[in-house]
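J.: Give the three-dimensional model of this entry:
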Amino acid sequence: MTALAPVLQGFFAERLAALRASEHTVASYRDTYKLLLLFCQQQLHTPPSKLDLAQLDATVVTAFLRHLADERGNGIATRNLRLTAIHSLFRYAALRCPEHADSITRVLAIPNARPDRPLVTFLSRPEQHALLASPNRATWRGRRDHLILTVLLEAGLRVSELTNLTVADAVTGTGAHLRCIGKGRRERCTPLTRSTRKLLDIWLQEQQPASPLAPLFPTRQGRRLSRDAVTDLVDKHVATAAQHCRSLAGKHVTPHTLRHSCAMDLLQAGADTASIALFLGHSDSRSTQPYLHADLTQKRRTLELGAPTPQAAQPFKPRDRLLAFLEGL
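T.: Residues are numbered from 1 along each chain as shown. Prediction:
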């Protein structure tokens with residue numbers, strides 16, 4: 001057996017298991033390696049089970065990334081995601097196959113493509129109000145959707161965090177909050193306002209869940225909502241809200257846009273980037289920097305702080321005879 005097969009098997013069985021990687025991460029890495037192995041099979045005319053680690057050198061990996069761009073039409077973000085998965089595998093391989101150190105080092109040196117960073121899209125307060133007014137709260141689905149939109153805007157949850165919420169994760173008593181598991185299996189608690197706590201109380205009383213492990217926001221059949229279902233309900237209510245709030249018509253709004261909106265509300269309320277990173281579950285406060293670039297209000301404040309104070313121009317007066325000498329030269 002070649003060096004590649006046991007390394008790849010060990011990576012999933014040991015490395016990702018030890019990191020407690022989410023099912024989405026495992027699926028993303030799996031798909032990356034499948035694409036890479038199939039590409040190598042076509043280019044090197046070698047079955048995946050016969051490929052050696054040395055054959056996956058920097059030249060082959062670079063050609064694979066070019067193949068993703070030219071033939072599969074993948075954008076920069078997707079290609080960088082694939083490269084991250086490859087780098088992760090090769091860092092694991094470096095500890096187990098020191099005889100391939102030179103080749104592994106060259107693969108690890110392949111840099112990510114640098115994307116043009118668009119400004120973060122977020123909703124203004126009038127747009128948020130229009131969106132929250134969209135669901136018909138006279139119906140069960142409308143009440144559920146309204147509460148989902150409220151939680152996304154107020155708690156800034158990722159879609160996976162929202163769909164994985166159970167009844168037990170909602171604490172509606174003193175210190176009302178939601179518990180969720182975010183990226184890297186990090187648990188965090190997000191506080192709720194009094195109005196949202198009341199809505200959540202009413203929702204739970206209406207639901208009468210049979211188990212504390214039941215989904216907090218279920219389908220009509222009591223199953224957990226999918227990511228696509230959340231995206232569809234956001235699309236639906238944005239379209240309705242756009243009829244009354246014209247600025248929404250020109251925006252591409254996703255569930256993650258509501259997370260951005262939460263972050264911008266915190267920033268405009270005066271929260272610092274470290275606090276926002278903690279609230280959103282970012283592992284690094286640098287992840288919060290894009291919100292600073294998007295916040296025009298913050299930029300205006302910064303400009304006003306740095307603007308010179310208007311005052312009458314006065315001639316320079318040397319304080320010292322030596323300075324006077326230098327000034328006269």
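
J.: And stretch 215-235, what's buried?
T.: Residues of stretch 215-235 classed as buried: 215-217, 225, 229-230, 233-234 (neighbour count, 16 or more other CB atoms under 10 Å). Where C-beta positions appear, they are placed from N, C-alpha and C, glycine not excepted.

J.: Which of these sits closest to Ile104?
T.: Closest approach between those and Ile104, by CB to CB: Val230, at 39.8 Å.

J.: wait, is that closest one part of a helix?
T.: Yes. Note on Val230: a helix contains this position according to DSSP: H, G, I helix; E, B strand; the rest coil.

J.: any idea how far it is from Ala170?
T.: Counting by CB to CB, to the nearest Å, the separation of Val230 from Ala170 is 17 Å.

J.: May I see the buried residues of stretch 215-235 organised as TSV, with secondary structure added?
T.: Output for the buried residues of stretch 215-235, formatted as TSV (three-state DSSP):
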residue	secondary structure
Pro215	strand
Leu216	coil
Phe217	coil
Leu225	coil
Ala229	helix
Val230	helix
Leu233	helix
Val234	helix
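
J.: Need those residues in CSV (columns: distance to Ala138).
T.: CSV is the format used below for the buried residues of stretch 215-235 (distance: CB to CB, whole Å):
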residue, distance to Ala138
Pro215, 23
Leu216, 21
Phe217, 18
Leu225, 21
Ala229, 21
Val230, 22
Leu233, 17
Val234, 20
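
J.: Turn the residues you listed into CSV, including distance to Leu258 and pLDDT.
T.: CSV is the format used below for the buried residues of stretch 215-235 (distance: CB to CB, whole Å; pLDDT from 0 to 100):
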residue, distance to Leu258, pLDDT
Pro215, 19, 94
Leu216, 17, 95
Phe217, 14, 95
Leu225, 15, 95
Ala229, 15, 95
Val230, 10, 96
Leu233, 11, 96
Val234, 7, 96
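
J.: Can you tell me which of these is nearest Ser160?
T.: Distances from Ser160 to the buried residues of stretch 215-235, taken by CB to CB, are shortest for Val230, at 9.6 Å.

J.: Could I get the contacting residues of the closest one?
T.: Contact analysis of Val230 by CB atoms under 8 Å, 6 or more residues apart in numbering lists 148, 159, 162-163, 255.

J.: Tell me which entries of these lie within helices.
T.: Counting by DSSP state H, the part of the contacts of Val230 found in helices is 148, 159, 162-163, 255.

J.: got a winner among the residues you listed for most neighbours?
T.: Ile148 (25 neighbours; other CB atoms under 10 Å).

J.: what's the closest non-adjacent residue to it?
T.: Nearest residue to Ile148 in three dimensions, chain neighbours excluded: Phe217, at 5.5 Å (CB to CB, 6 or more residues apart in numbering).

J.: Isn't Arg185 up against Thr25?
T.: No. Between Arg185 and Thr25 there is no contact under CB atoms under 8 Å: 10.2 Å.

J.: where along the stretch 101-250 of the chain do the helices fall?
T.: Using DSSP state H, counting those that start in this stretch, the helices of the stretch 101-250 of the chain run over residues 101-108, 125-132, 140-155, 159-163, 194-207, 227-242.

J.: want to try CSV for those helices, with distance to Leu81 as columns?
T.: CSV is the format used below for the helices of the stretch 101-250 of the chain (distance: least, CB to CB, whole Å):
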stretch, distance to Leu81
helix 101-108, 16
helix 125-132, 29
helix 140-155, 24
helix 159-163, 16
helix 194-207, 34
helix 227-242, 16
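
J.: and of those helices, who's closest to Val7?
T.: Ranking these by proximity to Val7 (CB to CB) places helix 101-108 first, at 10.3 Å.
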